[in-house]
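Peer 1: Provide a 3D model corresponding to the input given below.
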Amino acid sequence: MMDDLKTRLQAKLEELRAVKKNAIAETGHKLGESCAPGADLTGQCEVTPAAAAYYAKVAPVSAEVDAMLLEGVRQLEDPADADLKVPRAQAWVWGGPTPFWFGSLAADTLLVGADYFQVRNVVYVGGPVTEEFIAPLAKYDQVMVQMTDTCRAEEFQPETDEECAEKISRFSVKYPNIVAGIMDDATRTGHNDDQTLSGEVFSPIVAAIRRHNPAMKVAAVIYAHELDAFDFTPILPQLDTINLWFWGKNELLDLDERVAKCRQVFPGKELLMGIYIHDYGCADLGTPPECLRFQMRRAARMLRNGMLNGIVIFGDREIRKWPQGAQAVLDCLD
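Peer 2: Residues are numbered from 1 along each chain as shown. Modelled structure (predicted):
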């Protein structure tokens, strides 16, 4: 049954890609700039005509994809998981000030997101690494800080990746709850050429993050679809934590296999699963709440059996964009 579903789903995904391409051309829509109809983005950004037009064009076929995904999710769900919830002690919230993706430039955007989910661990990304932005994070139990310029506004990281990592290392001495530096989209940072990852590219960044605090961990964002596309062997010794993300909501039907594959590719590493409330890679709309509940319940099971060490909720700007999705994730936290 699942094989037949995936065949039908693949055809519908091709239709969705064509609709998206035309919608982007006609509206000028930019990645991440969509939200639920009637969403209140006060203090965040204004809903543009392009965003509204993009939603109107893409939502109908995306809903057809969602119906197939929910059919698959219901086949995969285990009734024994129905009451499982993710312990907040093993949950992180991802966010920070950004001018992109309908984000907010407010200095406290990550704090607002973490407090909404009532989570005590945070991943600070996007914004500047300065005392002004780092000091307020001292109230959390654990903090990871972005140390590379990938997916970051240029003015928010005027220094090199190595210099940024060393700043974080210094801050970790003053703020001991800073436990790791994280590389967003790590394969883009680690490229030597083509699809070859280079430990030499990572080495100065890794050395810098530990320069003032040898206990600092190195975390890397890796996508499920990258597990078969790259040879990660050259960088394995330099990584402590893998943050695994499913770029498209359709990939959630392969969640179990991809987590197992990640464990195989990165043996012995701490593994955190990312939770996308906004589906950036497939429809560029909200992830269906039922899919989010499935992913959260599956994560709760994997946390119990040791397949996962934690989850990372993306994150702060998504709460206003997709309130039903954010609520579904919140409901699955213990």
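
Peer 1: can you pull out the helices in this protein?
Peer 2: Counting by DSSP state H, the chain has these helices, from start to end: 2-27, 49-76, 109-117, 131-134, 161-174, 186-190, 199-209, 255-265, 289-305, 318-321, 323-331.

Peer 1: out of those helices, which is closest to residue 243?
Peer 2: Closest of the helices of the chain to residue 243 is helix 186-190, at 8.9 Å (criterion: C-beta to C-beta). Yep, even glycine has a C-beta here, placed from its N, CA and C like the rest.

Peer 1: and residue 103, how many residues sit next to it?
Peer 2: When neighbours are counted by other C-beta atoms under 10 Å, residue 103 registers 24.

Peer 1: now residue 213
Peer 2: Residue neighbour count, defined by other C-beta under 10 Å, stands at 16 for residue 213.

Peer 1: thought it was touching residue 172?
Peer 2: Yes. Residue 213 sits in contact with residue 172 when judged by C-beta atoms under 8 Å, with a separation of 4.5 Å.

Peer 1: deepest in the core, which of the helices of the chain is it.
Peer 2: Each of those was scored by mean neighbour count; the highest is helix 318-321, a mean of 25, by mean count of other C-beta atoms under 10 Å.

Peer 1: show me what that helix is in contact with.
Peer 2: 34-36, 39-42, 44, 102, 112-113, 116, 277-278, 286, 325-326 (C-beta atoms under 8 Å, 6 or more residues apart in numbering).

Peer 1: chain center to that helix, what's the gap?
Peer 2: Helix 318-321 sits 14 Å away from the centroid of its parent chain (C-alpha atoms, centre = their mean, to the nearest Å).

Peer 1: adjust the sequence numbering to begin at 866 for everything that follows.
Peer 2: I'll keep to 866 as the first residue from here, and by that count the last item is helix 1183-1186.

Peer 1: state the mean pLDDT of it.
Peer 2: When pLDDT is averaged over helix 1183-1186, the result is 95.

Peer 1: mind saving the C-alpha coords of that helix as PDB?
Peer 2: The C-alpha atoms that make up helix 1183-1186 are tabulated as PDB, following Å, rounded to 0.1, in the frame of the first residue of the first chain:
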ATOM      1  CA  GLU A1183       6.800  30.300  12.400                       C
ATOM      2  CA  ILE A1184       4.500  30.800  15.500                       C
ATOM      3  CA  ARG A1185       2.700  33.700  13.900                       C
ATOM      4  CA  LYS A1186       2.900  32.400  10.400                       C
END
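
Peer 1: by mean pLDDT, which helix or strand of the chain comes out lowest?
Peer 2: Of all regular secondary-structure elements in the chain, judged by mean pLDDT, DSSP states H and E, the least confident is strand 1056-1058 with a mean of 54.

Peer 1: for residue 887, see how far away the nearest residue to residue 962 once chain neighbours are set aside is.
Peer 2: Leaving aside its sequence neighbours, residue 962 sits nearest to residue 992 (C-beta to C-beta, 6 or more residues apart in numbering; 4.0 Å). Using C-beta to C-beta, to the nearest Å, one obtains 34 Å as the distance from residue 992 to residue 887.

Peer 1: residue 896 touches residue 967, doesn't it?
Peer 2: No. In terms of C-beta under 8 Å, residue 896 does not count as a neighbour of residue 967; the distance is 10.0 Å.

Peer 1: comparing those two, which residue is more hemmed in?
Peer 2: With neighbours defined as other C-beta under 10 Å, residue 896 and residue 967 compare such that residue 967 has more, 24 against 12.

Peer 1: distance-wise, check the residue lying closest to residue 902 once chain neighbours are set aside relative to residue 927.
Peer 2: Setting aside the residues directly before and after it, residue 902 is nearest to residue 920 in space (C-beta to C-beta, 6+ apart), at 6.8 Å. Distance check for residue 920 against residue 927: by C-beta to C-beta, it reads 9 Å.

Peer 1: common neighbours of those two, please.
Peer 2: With contacts defined as C-beta under 8 Å, 6+ apart, the residues adjacent to both residue 920 and residue 927 are residue 1150.

Peer 1: tell me what residue 1176 is bridged to.
Peer 2: Counting by DSSP bridges, residue 1176 forms beta bridges with residue 956, residue 1138.

Peer 1: that one: neighbouring residues, count only.
Peer 2: Look at residue 1176: counted by other C-beta under 10 Å, it has 27 neighbours.

Peer 1: mind listing what it touches?
Peer 2: When contacts are counted by C-beta under 8 Å, 6+ apart, residue 1176 touches 951, 955, 956, 957, 1137, 1138, 1139, 1140, 1161, 1164, 1168.

Peer 1: what about it, distance to residue 1054?
Peer 2: Using C-beta to C-beta, we find residue 1176 at a distance of 23 Å from residue 1054.

Peer 1: what of residue 1124?
Peer 2: Distance, residue 1124 to residue 1054, by C-beta to C-beta: 23 Å.

Peer 1: possible to save the helices of the chain as a markdown table with distance to residue 988?
Peer 2: Shown next, in a markdown table, are the helices of the chain (distance: least, C-beta to C-beta, whole Å):
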| stretch | distance to residue 988 |
| --- | --- |
| helix 867-892 | 28 |
| helix 914-941 | 26 |
| helix 974-982 | 8 |
| helix 996-999 | 13 |
| helix 1026-1039 | 12 |
| helix 1051-1055 | 14 |
| helix 1064-1074 | 15 |
| helix 1120-1130 | 18 |
| helix 1154-1170 | 16 |
| helix 1183-1186 | 14 |
| helix 1188-1196 | 15 |
